[in-house]
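Trainee: Let's see this in three dimensions:
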Amino acid sequence: MTQLDGSAVPGPAAPAGPPPAQPPAPPVQPPAQPPVGGAEYAAYAPTAAGFPTQAPPPPGAPVGPYDPVAGAGYGAPDPAQGYGTGGYAYPPPQQQPAYGYPGPPVAPKQRNPVMLWGGIIGGVLAVAIAVSLVVLLKDDPSPTPGPGPVASDSNSVGPNNNSPAPGPAPKGGATFNVAWNAPKGTNTDSSNQMLGVWGTDKLAVRVDSSGIKGYNLTDGKEAWTIPVPAGSKELCTASYGANSKSIAAVSFNTGDSDCSTVGAVDLSQGKLLWTVKVSADRVSSPTLSVTENVVAVGGNMVGALNVANGQPAWQFQPRDKGCSVHGRTAGAQIAVSDRCYGGSGPKSQLVIVNADTGKAASTPITLTGSIEEVGEVVQDKPLVLLMSSGPQGDYVLPFDKDNNPGTQMSVKEPGSDSLRLSGQDEAFTRNVVSGSTLYVQVSGTKPGINAYDLNAGKRLWSATATSSSNDMRLVSGTDKDGKIRAIVEQGYDKPARLVTLSPTDGSMTDIGTIAMPNGLDIGTSTSEYLVSDDGTAVYAFRRYTATDGPLTKWKK
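Mentor: Here you go, the predicted model:
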C-alpha cells in the first residue's frame with residue numbers, strides 16, 4: 001500500500017510535531033480493481049489519489065485559508081492564489097447563505113443522526129441545500145400492517161403473532177403500533193456500535209462498525225449491504241448526512257486505529273464509489289460532511305475531496321510551520337482550531353472555513369486557554385460549537401448568520417453536573433437546537449430536558465419525567481412548527497408517550513402513545529428516535545444489535 005505521495009505507508013505514527021518538508025513526488029496511479037459495492041470487494045487499495053505531501057509555502061506566500069498582513073490581523077486570501085505545492089487553487093469565494101436566530105421557534109437547520117426526513121431534520125445536511133433539493137423521506141404509502149411487526153425472523157424484537165398492548169391513547173392523540181422490526185443480523189458482537197443514520201425516500205440506512213445496511217421502509221427487509229472492504233478492519237466514522245444525490249461518506253480503520261481512508265457511498269445503489277487515503281499521518285477519528293461538490297474532512301488534517309471521484313479539492317495549510325490543526329466538519333463549513341509554537345501571532349485561534357472552497361468564512365477568534373480547541377459541532381445552521389478546555393472550562397459558543405460569535409455559555413451550572421452535549425458526528429442525540437434555544441437531555445434524580453437561551457446563555461426551564469423510574473428521551477429534530485419532541489416511558493409493558501414540549505415553559509402536549517410490547521422500553525442510552533416527515537411513523541435505531549434488532553418502525 002502506498003501513501004499519497006507514492007511512498008510506502010509508514011509504520012507507527014511519528015512523535016507529535018510538524019513533519020520535515022518533503023517535496024511532492026509524482027503521483028502514483030492506484031492499481032486497477034473491480035467495482036466495489038454490495039458484497040463484491042477486491043483487496044483493499046484506495047481508488048483515487050489523495051492529497052499530495054505538503055511542503056511549507058515559500059516566504060511571502062499565503063499560509064492557510066487567510067493571508068497574514070503585518071499589523072492588520074488576518075484578512076481574506078487572494079482568490080486567484082493557490083496554496084501548498086500540489087497546484088490546487090481555490091475557486092472564487094461563494095456567498096454564504098443567510099441564516100440566524102429567529103425570535104419564535106422555527107423549523108431548524110440542525111444536527112441529527114442524519115436521516116433526510118424533512119420534519120425530523122429541518123435542514124439535515126447543513127450544506128446550504130434548500131429543502132426542495134433534499135430527498136425527503138416520505139413515509140411509504142402502503143397499507144399499514146396489522147398489529148405486530150411484518151418481519152418473520154424469529155430473532156426480531158417483539159412478537160411476530162402477538163398483538164402489542166397499545167394502552168389508552170391520550171386525548172387528541174393517536175396510537176403507534178409496531179409495524180415491523182428489521183431482522184437481527186448475524187453480527188451480534190456487543191462492540192459493534194452504530195455510527196450514523198441516513199435515509200432516502202425508500203430506505204432507512206444504518207451505519208455501524210461492521211458495515212452499512214439499507215432497509216426498505218415498507219417492510220424493514222434489507223435492500224443492500226456494504227461490508228467492510230478487504231484490507232480494512234472496521235468503519236470508523238460516518239458523515240452527518242448525504243447530499244441531494246444521496247451520496248454520503250465514511251472512514252475506514254486500516255489498522256492501528258488509522259482512519260485516514262475515506263470513502264463515498266451511493267445510497268440509491270448501495271455501492272462504495274471510491275476510497276482515498278487522505279493523510280500519510282494517522283487520523284484517528286475524522287469528522288465528515290458531504291456537500292453537492294465535496295466530501296469535507298476534519299481532524300488533525302483538514303481538507304476536501306471532489307465528491308464525484310475523490311480527487312483533492314483543497315487542503316488547509318497551517319498559518320505557521322509550528323502549528324497543529326484540529327477540525328470538525330459542520331455541514332457546508334468546517335470549524336478549525338489550531339495550536340502554534342513560536343511566531344508572532346496568537347498561540348491558538350479558531351476560524352470557520354467554507355467546505356466547498358477552503359476559504360475563511362469568519363474572522364479568526366483568539367483562544368486563550370492553554371489547550372483550548374473546538375470539541376463538537378452541536379449544530380451547523382446557525383453554527384453552534386462546543387469548545388473544550390477554555391479558561392473557565394468547556395463552553396457553548398453560538399454564531400450568528402455572518403459567523404460572528406455570540407455569548408459564551410458554560411456547560412457547568414452551579415450545583416449541577418456539566419451538560420453532556422452530542423456533536424453532529426455522533427449517532428445519538430443528546431441535544432437539539434431550535435431558533436435561539438438549545439434543548440439538552442439531562443440525567444439525575446429524574447431524567448429530563450433543559451432549555452437554554454443561546455442569546456443570554458442562561459437556562460429557561462427544566463422538564464422532568466413524572467417518576468424517577470421512568471425514562472425521558474429527546475427525539476431528534478423538531479416538528480414543522482419548530483417544537484421539540486420527547487418520548488416518555490410510563491412503565492414496564494406500558495405504552496410510552498410521544499409529546500411535544502412548549503418552548504416557553506416545557507409543558508408537554510401529547511401526540512400519541514407508542515406501543516412497547518414484550519418488555520421493550522424506550523432505551524434512553526441505546527436507541528435513536530426519529531419521526532417521519534408526515535408524523536405518521538416513528539423509527540428507533542438501536543445502538544447495539546447483540547440483543548435487539550437494528551431498527552423498529554411504529555405506524556399510526
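
Trainee: and residue 407, how many neighbours?
Mentor: 14 (other C-beta atoms under 10 Å). Where you see a C-beta, it was placed from the backbone N, CA and C, and this is true even at glycine.

Trainee: That one contacts residue 398, doesn't it?
Mentor: Yes - between residue 407 and residue 398 there is a contact under C-beta atoms under 8 Å: 7.2 Å.

Trainee: Pull up the overlap in contacts between these two.
Mentor: 454-455 (C-beta atoms under 8 Å, 6 or more residues apart in numbering).

Trainee: So which bits of stretch 401-417 are buried?
Mentor: Neighbour-count burial for stretch 401-417, counted by 16 or more other C-beta atoms under 10 Å, picks out 403, 405-406, 409, 411.

Trainee: what's the farthest-apart pair in these?
Mentor: Maximum pairwise distance among the buried residues of stretch 401-417 (C-beta to C-beta): 21.6 Å, between 403 and 411.

Trainee: and residue 335, what element?
Mentor: strand 333-340 (DSSP states H and E).

Trainee: er, residue 313 actually
Mentor: Per DSSP H and E: strand 312-315 holds residue 313.

Trainee: Just the C-alpha atoms of that strand, please, in PDB.
Mentor: What follows is strand 312-315, C-alpha atoms only, in PDB (Å, rounded to 0.1, in the frame of the first residue of the first chain):
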ATOM      1  CA  PRO A 312      -8.300  16.600  -3.900                       C
ATOM      2  CA  ALA A 313     -10.300  19.800  -3.900                       C
ATOM      3  CA  TRP A 314      -8.200  21.700  -1.300                       C
ATOM      4  CA  GLN A 315      -6.200  21.200   1.800                       C
END
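
Trainee: Spatially nearest residue to residue 356 (excluding sequence neighbours)?
Mentor: Leaving aside its chain neighbours, residue 356 sits nearest to residue 293 (5.1 Å; criterion: C-beta to C-beta, 6 or more residues apart in numbering).

Trainee: any idea which of the buried residues of stretch 401-417 is closest to residue 461?
Mentor: Nearest to residue 461 among the buried residues of stretch 401-417, with distances taken as C-beta to C-beta, is residue 409, at 15.3 Å.

Trainee: these two touch, right, the closest one and residue 452?
Mentor: Yes - assessed by C-beta under 8 Å, residue 409 is found in contact with residue 452 at 6.5 Å.

Trainee: so what sits against both of those two?
Mentor: Common neighbours of residue 409 and residue 452 (C-beta under 8 Å, 6+ apart) are 396, 438, 458.

Trainee: ok, of these, which come out buried?
Mentor: For the shared contacts of residue 409 and residue 452, buried by 16+ other C-beta under 10 Å: 396, 438.

Trainee: Out of the shared contacts of residue 409 and residue 452, which sit inside helices?
Mentor: With helices defined by DSSP state H, no entry of the shared contacts of residue 409 and residue 452 lies inside them.

Trainee: any chance of the shared contacts of residue 409 and residue 452 in JSON lines, plus distance to residue 496 and pLDDT?
Mentor: As requested, those are exported to JSON lines (distance: C-beta to C-beta, whole Å; pLDDT from 0 to 100):
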{"residue": "396", "distance to residue 496": "30", "pLDDT": "97"}
{"residue": "438", "distance to residue 496": "24", "pLDDT": "97"}
{"residue": "458", "distance to residue 496": "31", "pLDDT": "93"}
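
Trainee: okay, now residue 494: neighbour count?
Mentor: 16.

Trainee: from what I can see, it looks like it's in a strand, true?
Mentor: No - under DSSP: H, G, I helix; E, B strand; the rest coil, residue 494 sits outside any strand and is assigned coil.

Trainee: So it sits against residue 516, correct?
Mentor: Yes - assessed by C-beta under 8 Å, residue 494 is found in contact with residue 516 at 6.7 Å.

Trainee: okay, and the common contacts of those two?
Mentor: Between them, residue 494 and residue 516 share no contacting residue, judged by C-beta under 8 Å, 6+ apart.

Trainee: Strands of the stretch 451-556 of the chain, start to end?
Mentor: Applying DSSP state E, counting those that start in this stretch to the stretch 451-556 of the chain gives strands spanning 458-464, 472-478, 484-488, 496-501, 508-514, 527-531, 537-542, 551-555.

Trainee: Give me the subset of the buried residues of stretch 401-417 that lies in strands.
Mentor: Among the buried residues of stretch 401-417, DSSP state E puts residue 409 in strands.

Trainee: what sits against residue 268?
Mentor: Residue 268 neighbours (C-beta under 8 Å, 6+ apart): 200, 245-246.

Trainee: Within its sheet, name the partner strands of the strand holding residue 313 and how each one runs.
Mentor: The pairing partners recorded for strand 312-315 under DSSP bridges are strand 302-306 (antiparallel).
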